[in-house]
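Colleague: the following block contains a protein sequence and its predicted model.
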Amino acid sequence: MHFPARRLPPGGTTRSHTALLTVAKPAHLVDAVLAIQGTEYIAYLADGRELSDATAGQPIGGPVRFRLSAGTYKACLYSPTEGLYSPGVGVQGDSDVTIELPPFEYDVVLQVTREH
């Protein structure tokens, strides 16, 4: 996965998009999402236990379920701690989408990009 520089569409804005992961996510998972609505979503997923819980660092994994606008998208994961990228998988919008997160420690990035 790579994060190429992109220009915003005319009149487009990048903004925090908290609705992306609100359908379902594993326990202890917190998310911060930036989005160009209907085009690209980048979600930083982290272990909410990191600051105050002795169980921090134990793997988190499981399904994340979110809603996308109609269209065909590619979803990829990036592990900042390991510097590794996952292969992209195709997902179809206009409904709830479920991505199975493999077990990870501390944080992972989910990038969902609309294909043209």
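Modeller: Yes, it's here.
Colleague: so what's Ala46 scoring on pLDDT?
Modeller: If you check Ala46, the pLDDT there is 88.
Colleague: so what's the closest residue to it other than its chain neighbours up against?
Modeller: Closest residue to Ala46 apart from its sequence neighbours, by Cβ to Cβ, 6 or more residues apart in numbering: Asp107 at 4.4 Å. C-beta coordinates here come from the backbone N, C-alpha and C atoms, glycine included. Counting by Cβ atoms under 8 Å, 6 or more residues apart in numbering, Asp107 makes contact with Tyr44, Leu45, Ala46, Asp47, Pro80, Thr81.
Colleague: ok, the residues you listed vs Tyr73, which is closest?
Modeller: Using Cβ to Cβ, Leu45 is the member of the contacts of Asp107 that lies nearest Tyr73, at 17.0 Å.
Colleague: and that closest one, what helix or strand is that in?
Modeller: strand 40-47 (DSSP states H and E).
Colleague: equivalent analysis for Thr98, please.
Modeller: strand 96-104.
Colleague: only C-alpha atoms, please: export that strand in CSV.
Modeller: Output of strand 96-104 as CSV, limited to C-alpha atoms (Å, rounded to 0.1, in the frame of the first residue of the first chain):
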residue,chain,number,x,y,z
ASP,A,96,-22.2,-2.5,5.1
VAL,A,97,-18.7,-3.7,4.4
THR,A,98,-16.8,-6.1,6.7
ILE,A,99,-13.0,-6.3,6.8
GLU,A,100,-11.4,-8.9,9.0
LEU,A,101,-8.5,-7.4,10.8
PRO,A,102,-5.7,-9.8,11.4
PRO,A,103,-4.3,-9.7,15.0
PHE,A,104,-2.2,-6.6,15.5
